[in-house]
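S.K.: Mind looking at a prediction? Sequence and model below.
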Amino acid sequence: MVAQTRRAMTLSGKRIIVTGAASGIGLGTTQYLLAIGARVGLLDRDEAGLQRVVAHFEGRAAPVIASADVADVSQVRRGVDQLVAGLDGLDGLVNCAGVDLLRDFEQMTAEDWQRLLGVNLMGPVNVCHAALPALKRGVNPAIVNVASAAGLRPLAQRTAYCSSKAALVMFGKALAMDLAADGIRVNTVCPGIVDTPMLQDSVRTAVDPGAAMAEISDRYLIKRAGTVQEIATAIGFMLDDAAGYITGTSLAVDGGRSFH
């Protein structure tokens, strides 16, 4: 029988860029990675939010930051170059930046589609492309794209959101094939409903916020919203060398929603 051994995560000292890092899952992932000793570069269009994150770590190992809209190729290239220089290299990338839109298909405009696809799909494409030269020089490099359970199972009034996240899942699989020869793993984490400011804002506008939250939770086998920490832990595992034989997969962290 093969001996069973416990091992620590191996992310300490790893150089990792997180997009959408000023709030929500991106912020939670940043906090998690810093807590276990990783060096983190933060990319977000919310410059004030990035400054608040840095202020929180004042006196400790603060993250490196760069402001950019992931849908803007020139901003992304400038921001990624700045972060790679600040980290002195790159071993991991987490694409968390994303936007949502709740609207009937008939009411949606071409601009709505362009914005959702521009951020949720082309954003990760742009960041991966800009980061690739540095990742090729990294140590056991890995990419984690954060999609959604809505990319695995559709939701009403979210045609653009579901389409963008489903495309992101397939992008991760195809990219894993292209980058395997470079030793770069690519995986996707698909969260279900998560207790973030985006969720809180959505529920707050309902006629009965409590009933709205109960209705949402009832779709899940685990009858609650996930926590940012639970998603961050899954992302951390996919970045870690412990997941060294995992690539091209999509991990549903969704309380059973994707099959329930």
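M.R.: Nice, I can see it. Numbering: from 1, shown residues only.
S.K.: In this structure residue 122 contacts residue 76, no?
M.R.: No. Using C-beta atoms under 8 Å, residue 122 makes no contact with residue 76, being 9.7 Å away. Placement of C-beta: from N, CA and C, glycine included.
S.K.: More neighbours: the two, which one.
M.R.: Counted by other C-beta atoms under 10 Å, residue 122 and residue 76 do not tie: residue 76 has more neighbours, with 25 against 21.
S.K.: so what's the more buried one up against?
M.R.: Residues in contact with residue 76 (C-beta atoms under 8 Å, 6 or more residues apart in numbering) are 43, 68-70, 123, 126-127, 130.
S.K.: Now do the phi/psi pair for residue 43.
M.R.: phi -120, psi 120 (degrees, to the nearest 10).
S.K.: Could you find the closest non-adjacent residue to it?
M.R.: Among residues not flanking residue 43 along the chain, residue 19 sits closest, at 4.6 Å (C-beta to C-beta, 6 or more residues apart in numbering).
S.K.: Which pLDDT value belongs to the one you found?
M.R.: pLDDT, the model's per-residue confidence, is 98 for residue 19.
S.K.: Distance of it relative to residue 201?
M.R.: 20 Å (C-beta to C-beta, to the nearest Å).
S.K.: Name the residue in these two with the higher neighbour count.
M.R.: Ranked by neighbour count (other C-beta under 10 Å), residue 19 and residue 201 place residue 19 first, with 33 against 10.
S.K.: picking up where we left off before, out of the contacts of residue 76, who has the most neighbours?
M.R.: residue 43 (34 neighbours).
S.K.: Just list whatever residues bridge to it.
M.R.: Applying DSSP bridges to residue 43 gives these bridge partners: residue 19, residue 66.
S.K.: start the count at 43, not 1, going forward
M.R.: Understood, numbering begins at 43; the last thing we discussed is residue 85.
S.K.: for it, what are its contacts?
M.R.: Contacts of residue 85 (C-beta under 8 Å, 6+ apart): 59-63, 107-110, 112, 118, 121-122, 125, 139, 169.
S.K.: So what's the residue count around residue 289?
M.R.: 20.
S.K.: What backbone torsions are found at it?
M.R.: Taking degrees, to the nearest 10 as the convention, residue 289 sits at phi -150, psi 150.
S.K.: Cross-check the contact I'm expecting between the residue nearest to residue 85 and residue 68.
M.R.: Yes. Here residue 61 lies in contact with residue 68, judged by C-beta under 8 Å, at a distance of 6.5 Å.
S.K.: Just to check, residue 69 is in contact with residue 95?
M.R.: Yes. Counting by C-beta under 8 Å, residue 95 is a contact partner of residue 69 at 6.7 Å.
S.K.: which residues do these two both contact?
M.R.: residue 63.
S.K.: now for the longest helix belonging to the chain, which elements pack on it?
M.R.: Secondary structure of the chain read by DSSP state H shows that its longest helix is helix 201-221. Judged by 3 or more C-beta pairs under 8 Å, 6 or more residues apart in numbering; DSSP states H and E, helix 201-221 is in contact with helix 152-162, helix 164-178, strand 184-188, strand 227-233, strand 292-295.
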